[in-house]
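Trainee: dropping the sequence and predicted coords here.
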Amino acid sequence: MKTAVIGYPRIGALRELKFATEQYFKGDLTEVELQKSAAQLRKRHWDKQLNKGIDFISSNDFSLYDNVLDTAVLLNAIPKKYQQLKLTPIDQYFAMARGYQGEQGDVKALAMKKWFNTNYHYIVPEIEDETRLSLVGNKPFEEFEEAKNNGVITKPVIIGAFTFLKLAKYTGQKQANDFIEDIVTAYVNIIETFEKLGAEWIQFDEPSLVMDLTKEDQTLFKQLYTEILERKGSIKVLLQTYFGDIRDIYQTAIDLPFDGLGLDFVEGRKNLTLINEFGFPNDKILFAGVINGKNIWRNRYDQTVLLINQLKVKSPSIVLNTSCSLLHVPYTLDNEHKLADTEKQHLAFAEEKLTELIELSDILKEENYQDNLEFKTRKFIFDNRDHFENLVVQDRVKSLTEQDFQRQPAFSERERLQREKFNLPSLPTTTIGSFPQTLDVKENRARFKKGEISLEHYTAFNKQKIAECIALQEDIGLDILVHGEFERNDMVEYFGEHLEGFIFTQNAWVQSYGTRCVKPPIIWGDVSRTSPITVEYSVYAQSLTNKPVKGMLTGPITILNWSFPREDISLKDCVLQIALAIREEVLDLEKEGIRHIQVDEAALREKLPLRKSDWYSEYLDWAIPAFRLVHSGVRPETQIHTHMCYSEFSDIIEDIDQMDADVITFEASRSDLSIVDVLRENQFKTQVGPGVYDIHSPRIPSVPEIKAVITHILEKMPLEKVWVNPDCGLKTRGNKEVAESLRNMVEAVNEVKRELFQ
Ligand SMILES: Nc1nc2c(c(=O)[nH]1)N[C@@H](CNc1ccc(C(=O)N[C@@H](CCC(=O)N[C@@H](CCC(=O)N[C@@H](CCC(=O)O)C(=O)O)C(=O)O)C(=O)O)cc1)CN2
Ligand code: MET
Ligand SMILES: [Zn+2]
């Protein structure tokens, strides 16, 4: 059986691409040097897959920032405001990704959104009425030739026309349907060019097909591919889907003249039912996604063999595939020196997943596969996993009752009490929690982790940072202060490190957006809190000021969703364990005099099923209660904040209100503040701080710009419900930008208030 990989991680085993790109941003590396390190990485990754023996290796899965942005540029979807900057192509590309502020002008970045149900974020293409979609770029072709020169005939990968049109934002009157003719021609040109270059296969990624599709969506898909495939020539086309099943379009997909169909059998279990019910055409190859591209546990060969044997009944030609791009898992276990062998034997990162594909292919060749050594060893390891059980926690979860999920008194009563008690100014200002993780902050932690400095030294440095941060916020004139999160490498990894039940890696980085990576902790066993985690730093920060300091925690859903979860217990049981641990931390902060406590649920949306019909039964029915469990024990006058970012909230806005927090801060500025209308329409009860400027871009928002945003918010929402804050945490920014931006924010609020109350 042949093997394939949908896409490979590109950031580099040691994040080489991140560092090179960031150096380029700083002007410390030339474009040529950046392109050179990019080419080295591509070569290394192709070589690795080739040497392992993978048959279908992808190209154009590489990107300097994001594949969707690459596709937009390839297809000439470059909004006027970026063209007018008259930058070089690469700088225009980065301007679209990160905004631009300099001699050539001042333009915001394109919006950034969560990539389906992952922690990867893509750049949202903008299509204007004047946009002429056509093939103008050559990145995919250059990378194909580059691979060819390195001895690999790759299968180039491009985001498909349907997904591209579905993900794009239309800024004028025109909609997706108005671009069909142009985009078909562009894709036909792509196919023709690859044919000339000697490609045998091309892969169109169409993850949008796993969503609920309307009749119009289905018609659009059918029309696009009927026309594209009519003119495809001799190249073979693989329709690749992932992150779910394609129940709404399966029949159409098998009727169209694709040569291969890629289905995800990890997240899309229903795909098997579809094949059993509707059959699978003999003239197509089934690319069976059986190696989990999102989680890091080793494959259960025994189960996979059973699955493949079922598929074989319906489909004579099967290629073993990953379930999605390996972009979402870390690179290799080889750089993990602290994990025990007993732990490592349960894990597979991208490189190890290549080995799994090959081993599976060998196992499937053997009639008596049960005797295969790898098969037997693997089964033994699984059957003997040490689960790290904690019976106390298991009991606590079992004995939870309805009252544990209900805070008292009701929201409106709390709102009244808190208003009296805090007497905050109108439009209170605050930030989301983190302040710049500058080099010195990271270095201090790196030295502590290497054992070069003591815990006392490490803590003293962080306290110094906290003191500076508090002084800065007082000087700027913010109303509710934060300690700055200097002690945290990441909002999830940090809590993982301080809770029992997690294991951590040293280099298991996964790209989250652009050059930014995360190192998700691994949930190994039952989770519990052994001692207070954040109390010391929060209490210290509060001791330095008369203004209130917000305690800062990460919520259970986010900890779960940004970790690699267990697969041997339910996500629901796992999240309740985490919720109980964070609940203890909330109560300790309250006991120590912290009056405002923020519990971030930035990743609430991540595991929301992509299909609406599964939302409640499979997710929201336990995710929302998990958050309520965290804060149901606090006093009426303790103010609970939460924060969410980078995803669509409008369709779950009522559920967000049901989290029953007192205040919520939202990412909003990079998606046009559309959230504000939704809040109004739904009579959202929770007080809200829709982010007034984008923190993922280095550009500094001006006073009038922020003022316009606040004014816009106030046109739609009652003054007493509104807070003013940036989009998200400030950790990725520099000190100078942060101080200037926050000063502008406070000045904007003051001007708005002067005009309101004059
Ligand atoms: N888990 C998670 N997901 C999230 C977010 C988030 O904050 N966390 N935010 C949203 C947007 N995504 C983001 C993802 C990452 C980062 C981010 O800033 N990541 C940092 C890494 C943060 C980190 O873990 N830092 C570590 C390690 C830092 C490091 O690189 N250290 C050097 C050595 C230190 C030195 O001397 O410079 C090394 O290991 O080589 C630390 O501070 O301890 C980065 O890519 O640069 C920001 C936003 C959505 N998803
Ligand atoms: C991705 S949400 C970030 C929330 C966190 N409190 C921070 O400010 O960084
Ligand atoms: Zn955020």
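Mentor: Thanks, I have it. Ligands and ions are numbered 1, 2, ... in the order given.
Trainee: all strands for the stretch 351-500 of the chain, in order.
Mentor: Per DSSP state E, counting those that start in this stretch, the stretch 351-500 of the chain carries strands over the ranges 499-503.
Trainee: all helices for it, in order.
Mentor: 373-383, 391-398, 411-422, 439-449, 455-476, 493-498 (DSSP state H, counting those that start in this stretch).
Trainee: before we move on, what about the stretch 101-250 of the chain?
Mentor: For the stretch 101-250 of the chain, the helices defined by DSSP H, counting those that start in this stretch occupy 139-149, 161-167, 180-197, 215-230, 250-255.
Trainee: of those helices, which stretch is the most buried?
Mentor: Looking across those with neighbours counted as mean count of other Cβ atoms under 10 Å, the highest average goes to helix 161-167: a mean of 24. (C-beta placed from N, C-alpha, C; glycine too.)
Trainee: dump the helices of the stretch 101-250 of the chain to JSON lines, plus distance to ligand 2 and mean pLDDT.
Mentor: JSON lines is the format used below for those (distance: least, Cβ to the nearest ligand atom, whole Å; pLDDT from 0 to 100):
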{"stretch": "helix 139-149", "distance to ligand 2": "30", "mean pLDDT": "98"}
{"stretch": "helix 161-167", "distance to ligand 2": "21", "mean pLDDT": "98"}
{"stretch": "helix 180-197", "distance to ligand 2": "34", "mean pLDDT": "98"}
{"stretch": "helix 215-230", "distance to ligand 2": "31", "mean pLDDT": "98"}
{"stretch": "helix 250-255", "distance to ligand 2": "36", "mean pLDDT": "98"}
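Trainee: what sits against the nearest residue to Glu487 once chain neighbours are set aside?
Mentor: In space, and not counting its chain neighbours, Glu487 is closest to Asn462: 4.9 Å by Cβ to Cβ, 6 or more residues apart in numbering. Shown in contact with Asn462 (Cβ atoms under 8 Å, 6 or more residues apart in numbering): Val441, Asn444, Phe486, Glu487, Tyr537.
Trainee: what of His641?
Mentor: By Cβ under 8 Å, 6+ apart, the contact set of His641 is Lys550, His596, Ile597, Gln598, Val599, Ala661, Asp662, Val663, Ile664, Thr665.
Trainee: after the helix or strand that contains it, which helix or strand is next?
Mentor: Here His641 is covered by strand 639-644, with elements defined by DSSP states H and E. Sequence order places helix 653-657 as the next helix or strand after strand 639-644, per DSSP H and E.
Trainee: mind exporting the C-alpha coordinates of that next one to PDB?
Mentor: Below are the C-alpha coordinates for helix 653-657, written out as PDB (Å, rounded to 0.1, in the frame of the first residue of the first chain):
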ATOM      1  CA  ILE A 653     -23.300  34.300  21.600                       C
ATOM      2  CA  GLU A 654     -26.100  33.100  23.800                       C
ATOM      3  CA  ASP A 655     -23.900  30.200  25.100                       C
ATOM      4  CA  ILE A 656     -21.200  32.700  25.900                       C
ATOM      5  CA  ASP A 657     -23.700  34.800  27.900                       C
END
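Trainee: ok, and what's touching that helix?
Mentor: Contacts of helix 653-657 with the rest of the structure, by Cβ under 8 Å, 6+ apart, involve Leu604, Leu620, Ile624, Met644, Phe649, Ile664, Val678, Leu679, Asn682, Phe684, Lys685, Thr686.
Trainee: picking up where we left off before, so which of the helices of the stretch 101-250 of the chain is nearest Gly53?
Mentor: helix 139-149 (16.3 Å; Cβ to Cβ).
Trainee: C-alpha coordinates for that closest one, CSV please?
Mentor: Only the C-alpha atoms of helix 139-149 are listed here, as CSV (Å, rounded to 0.1, in the frame of the first residue of the first chain):
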residue,chain,number,x,y,z
LYS,A,139,5.4,30.1,-5.9
PRO,A,140,3.9,26.7,-6.3
PHE,A,141,5.7,26.1,-9.6
GLU,A,142,9.0,27.3,-8.2
GLU,A,143,8.7,25.0,-5.3
PHE,A,144,7.7,22.1,-7.5
GLU,A,145,10.8,22.6,-9.6
GLU,A,146,13.0,23.1,-6.6
ALA,A,147,11.8,19.7,-5.3
LYS,A,148,12.3,18.2,-8.7
ASN,A,149,15.9,19.4,-8.7
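Trainee: please tell me how far Glu618 sits from Lys607.
Mentor: Remark: distance between Glu618 and Lys607 (Cβ to Cβ, to the nearest Å) = 9 Å.
Trainee: burial of Pro718, as a residue count?
Mentor: 9 (other Cβ atoms under 10 Å).
Trainee: cool, Glu389 as well?
Mentor: 12.
Trainee: residues contacting it?
Mentor: Contacts for Glu389 (Cβ under 8 Å, 6+ apart) come out as Gly525, Asp526.
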